[in-house]
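# pasting the structure only:
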């Protein structure tokens, strides 16, 4: 072997050794015990229409009447809601 071939062979071997060291040092992640696994909890879907009623009373009622409005109003809307149901452990 020529001197140049030896140098390239040595450089290649050294590169492989240095590159393989971090891979060999990596540890495998231990399995997570079943008691610590994340579990999927049941969900309740509570979305739907909502209806509301408001009555102005006290000092506010005369102010509302003074501008020609009714002292009561209704609201109608839709609410998006999901509840995560807790379960006993």
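Cool, the structure landed. These figures come from a predicted structure and were not determined experimentally. Residues are numbered from 1 along each chain as shown.

# in the protein, which spans are strands?
43-45, 48-55, 72-79, 82-84 (DSSP state E).

# what angle do the third one and strand 48-55 make?
Using axes from the mean of the first three to the mean of the last three CA atoms, to 10 degrees, the interaxial angle of strand 72-79 with respect to strand 48-55 works out to 160 degrees.

# show residues contacting strand 72-79.
With contact meaning CB atoms under 8 Å, 6 or more residues apart in numbering, strand 72-79 is reached by 46-56. C-beta coordinates here come from the backbone N, C-alpha and C atoms, glycine included.

# can you do 7 Å?
Contacts to strand 72-79, defined as CB atoms under 7 Å, 6 or more residues apart in numbering, come from residues 47-56.

# would you turn these into a markdown table with neighbour count?
Formatted as a markdown table, those follow (neighbours: other CB atoms under 10 Å):
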| residue | neighbour count |
| --- | --- |
| 47 | 10 |
| 48 | 9 |
| 49 | 8 |
| 50 | 11 |
| 51 | 8 |
| 52 | 9 |
| 53 | 8 |
| 54 | 10 |
| 55 | 10 |
| 56 | 16 |
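
# ok, so of those residues, who is nearest residue 12?
residue 47 (63.9 Å; CB to CB).

# let me know the pLDDT of the closest one.
pLDDT recorded at residue 47 is 94.

# that one touches residue 81, doesn't it?
Yes: using CB atoms under 7 Å, residue 47 makes contact with residue 81 at a distance of 5.4 Å.

# average pLDDT for stretch 11-24?
Stretch 11-24 comes out with an average pLDDT of 68.

# what's the answer for stretch 59-72, then?
Rounded mean pLDDT across stretch 59-72 is 92.
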